[in-house]
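[1] Need a 3D model of the following:
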Amino acid sequence: MRSLLTKLADDCYFERIIDALVYELYLTDELRAADNYFFRPPAAERLPSLQDNEGDECRSIQKVFERLSARDHEIRRNLYSLSEVESVRIIEGKV
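    So this is what the prediction gives:
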């Protein structure tokens with residue numbers, strides 16, 4: 001079973017991705033100008049489905065986390081550079 005700390009880290013990372021997806025919906029032009037894409041990368045790869053997990057949802061979620069948080073993954077790189085977008089800094093109170 002995954003540790004509580006690992007689960008919290010996974011949850012936090014997925015929350016950041018969800019926030020980034022919302023930013024891309026509403027701040028499309030600003031994110032595109034900064035070359036930040038969050039819908040495109042997951043759509044381009046075949047992430048495991050929770051329905052294909054044979055009763056081990058945690059393992060499937062862990063696999064998705066490992067792929068999306070890999071050092072060279074576009075999602076991870078874009079999350080780090082998201083704070084360079086002025087509109088995002090304003091929304092997150094980092095101005």
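
[2] Could you use CA atoms for every contact and neighbour count after this?
    Fine.

[3] quick one: low-confidence parts of the chain?
    Along the chain, the parts satisfying pLDDT under 70 run over 1-10, 50, 52-55.

[4] Could you rerun that using 90?
    Along the chain, segments meeting pLDDT under 90 span 1-13, 41-68, 83, 94-95.

[5] Could you check how far the residue nearest the centre of the chain is from residue 58?
    What sits nearest the mean C-alpha location of the chain, by C-alpha atoms, centre = their mean, is residue 17, with 2.7 Å. The gap separating residue 17 from residue 58 is 18 Å, by C-alpha to C-alpha, to the nearest Å.

[6] and the residue nearest to the centre of the chain, what does it touch?
    Residue 17 makes contacts with 38, 75, 79, as judged by C-alpha atoms under 8 Å, 6 or more residues apart in numbering.

[7] secondary structure class for residue 35?
    Here residue 35 is recorded as coil under DSSP: H, G, I helix; E, B strand; the rest coil.

[8] burial of it, as a residue count?
    11 (other C-alpha atoms under 10 Å).

[9] Cross-check the contact I'm expecting between residue 60 and residue 66.
    No: contact criterion C-alpha atoms under 8 Å: residue 60 and residue 66 do not qualify, at 9.9 Å.

[10] Of those two, which one has the most company?
    More crowded of residue 60 and residue 66, by other C-alpha under 10 Å: residue 60, with 19 against 13.

[11] burial of the nearest residue to residue 69 once chain neighbours are set aside, as a residue count?
    Leaving aside its sequence neighbours, residue 69 sits nearest to residue 76 (C-alpha to C-alpha, 6 or more residues apart in numbering; 5.5 Å). Neighbour count for residue 76, taken as other C-alpha under 10 Å: 18.

[12] what helix or strand is residue 76 on?
    Assigned by DSSP states H and E, residue 76 belongs to helix 74-81.

[13] what's the following helix or strand after that helix?
    helix 86-91.

[14] for residue 67, what are its contacts?
    So residue 67 contacts residue 73 (C-alpha under 8 Å, 6+ apart).

[15] and it, how far is that from residue 13?
    Between residue 67 and residue 13 the computed distance is 12 Å (C-alpha to C-alpha).
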